[in-house]
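[1] below are the sequence and a predicted model; questions follow.
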Amino acid sequence: MKDLPAADPSIPTVVLAGYPGVGKSTILRSISRARPEVRPYPFTTKELMIGHTLIGRRLVQVVDTPGILDRPIEEMNHTERLSITALGRLANLIAFIVDASEANGFSLESQQSLRSGISAAFPGLKILTFLNKADAAGKEQLDRATALFGECDLMAAAKGEGLEAFKKRVLDALGPLEGPEWRGEGI
């Protein structure tokens, strides 16, 4: 717990999860003022990053997690365990990000297996799945991804595409606003 960044428990929290190199940091960077390191190779994120975004009149915390590999928790390294802890301790909602192009070196089937494992480990948490890097994926990859994950929103976060749909789905999944609307200055 000491490695977790300070999060405000009164603000709804969406945790970005997925394999390394799927674009979680790019999404956080694009929708908030947080500035996680973004590199063209996996395993860049080594710690949790929290950003805030205003969706409509609702303030939402978004947590970027280090990539997780699909393996038993006892085989995970410290960084992967940090991601798992964030899912269990911080998340009101999980946004599972898939690299539809498989450019990160992990197959769609491996990514589906990880999503299934997270779903089984956190049965009380709603999981939304997004297919990122859709602009770089071929038709066969997108068809396979749809067969594995069902209908998902497509994104090309590096180009800013699909981010408004991402925010709308997050807002819808969080449900009605509880408490006052955000009346503060920009985030």
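    Sure thing, it's come through. Numbering: from 1, shown residues only.

[2] doesn't Gln61 make contact with Asp8?
    Yes - taking C-beta atoms under 8 Å as the definition, Asp8 is a contact partner of Gln61 at 6.6 Å. Quick note: C-beta positions are derived from backbone N, CA and C, even for glycine.

[3] neighbour count winner among those two?
    Just comparing Asp8 and Gln61: by other C-beta atoms under 10 Å the higher neighbour count belongs to Gln61, 22 against 11.

[4] report the secondary structure state of that one.
    Of the three states, Gln61 takes strand according to DSSP: H, G, I helix; E, B strand; the rest coil.

[5] beta-bridge partners for it, please?
    Note on Gln61: beta-bridge partners by DSSP bridges are Thr13, His52.

[6] so it sits against Ile50, correct?
    Yes - using C-beta under 8 Å, Gln61 is in contact with Ile50, at 5.7 Å.

[7] give me the spatial nearest neighbour of the residue nearest the centre of the chain, chain neighbours excluded.
    In the chain, the centroid-proximal residue (C-alpha atoms, centre = their mean) is Leu16; its distance is 1.9 Å. Distance criterion C-beta to C-beta, 6 or more residues apart in numbering; nearest residue to Leu16, sequence neighbours excluded, is Lys24 at 4.1 Å.

[8] and if you look at Ala7?
    Leu90 (5.4 Å).

[9] what's the separation between that neighbour and Asp172?
    Counting by C-beta to C-beta, to the nearest Å, the gap from Leu90 to Asp172 is 20 Å.

[10] what about the two, which has more around it?
    Leu90 (19 against 10).

[11] need the pLDDT of that one.
    Looking at Leu90, its pLDDT is 82.

[12] that one contacts Pro12, doesn't it?
    No - shown here, Leu90 and Pro12 do not form a contact pair, counting by C-beta under 8 Å, at 10.5 Å.

[13] kindly export the longest helix anywhere in the chain (C-alpha atoms) in PDB.
    Ranked by number of residues, the top helix in the chain under DSSP state H is helix 108-121. Below are the C-alpha coordinates for helix 108-121, written out as PDB (Å, rounded to 0.1, in the frame of the first residue of the first chain):
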ATOM      1  CA  LEU A 108      -5.100 -11.300 -28.900                       C
ATOM      2  CA  GLU A 109      -5.600 -14.700 -27.300                       C
ATOM      3  CA  SER A 110      -3.100 -13.900 -24.500                       C
ATOM      4  CA  GLN A 111      -4.700 -10.600 -23.900                       C
ATOM      5  CA  GLN A 112      -8.100 -12.300 -23.700                       C
ATOM      6  CA  SER A 113      -6.700 -14.800 -21.200                       C
ATOM      7  CA  LEU A 114      -5.500 -11.900 -19.000                       C
ATOM      8  CA  ARG A 115      -8.800 -10.200 -19.200                       C
ATOM      9  CA  SER A 116     -10.600 -13.400 -18.100                       C
ATOM     10  CA  GLY A 117      -8.100 -13.800 -15.200                       C
ATOM     11  CA  ILE A 118      -8.800 -10.200 -14.000                       C
ATOM     12  CA  SER A 119     -12.500 -10.700 -14.300                       C
ATOM     13  CA  ALA A 120     -12.300 -13.900 -12.200                       C
ATOM     14  CA  ALA A 121     -10.100 -12.200  -9.600                       C
END
